[in-house]
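Asker: Fold the stuff below for me.
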Amino acid sequence: MTTRDELIDGFRLIMREGERTTRDFEPDDWTYLVHDEEGGWTAKQVYAHLAATADIVPGLVGALSQAEEGQNTAANIDINAINAQGIANREGLDGPELMASFQASYEKLIEFVQGMPEEQLEQRRRFGAVEAPVAEIMDSALVLHGISHIYHAQSRPLN
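Answerer: Numbers count the residues shown, from 1 in each chain. Okay, the predicted model is just below:
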């Protein structure tokens, strides 16, 4: 099972790689279409999505904890609406402001995970196709998901 420390290390990796890969972004770099699913997202929208995703985790973990084992917690979630709202909430930010928001969201997420009871991390729950301990769901849905988005967001035409 993914441990608390591994989750936190994963979130720190996301923060570090997000900062590293955007450090030299020019204003136009934020506007490149880098994600072709869901109608397409720019690099800016990808980072807004990642920050918003980190922000909703405490509520999501609460829903997972309250669900019956085997109940699909994702079944009643409109992920497209959540993504659209999370992106829209940060649309007015410039690159440095967005990255400050991104970093702050992950810092809060790390604090949240540090305070989670071990029993909550170990609870076996279902989220979409994944049925596993909550820590494993968080690892897949947050760490691997985040790294994938960062990989795509750093892909832009070279000058």
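Asker: How are the strands of the protein distributed by residue range?
Answerer: Counting by DSSP state E, the chain has strands at residues 33-35, 41-42, 124-127, 130-133.
Asker: can you list those in a markdown table and add distance to residue 102?
Answerer: Using the backbone N, CA and C atoms, a C-beta is placed for each residue, glycine as well. Putting the strands of the chain into a markdown table (distance: least, Cβ to Cβ, whole Å) gives the following:
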| stretch | distance to residue 102 |
| --- | --- |
| strand 33-35 | 15 |
| strand 41-42 | 14 |
| strand 124-127 | 23 |
| strand 130-133 | 24 |
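Asker: I'd like to know which of those is closest to residue 65.
Answerer: Nearest to residue 65, of all those, is strand 124-127, at 7.7 Å by Cβ to Cβ.
Asker: Flag every buried residue along that closest one.
Answerer: Of all the residues in strand 124-127, those buried under the rule 16 or more other Cβ atoms under 10 Å are 125, 126, 127.
Asker: close enough to count as contact, residue 99 and residue 19?
Answerer: Yes: under the criterion of Cβ atoms under 8 Å, residue 99 is in contact with residue 19, at a separation of 6.6 Å.
Asker: the more surrounded of those two?
Answerer: When residue 99 and residue 19 are compared for neighbours, residue 99 comes out ahead with 19 against 13, by other Cβ atoms under 10 Å.
Asker: ok, the nearest residue to that one once chain neighbours are set aside to residue 100 distance?
Answerer: Spatial nearest neighbour of residue 99, chain neighbours left out: residue 22 (6.0 Å); criterion: Cβ to Cβ, 6 or more residues apart in numbering. Between residue 22 and residue 100 the computed distance is 11 Å (Cβ to Cβ, to the nearest Å).
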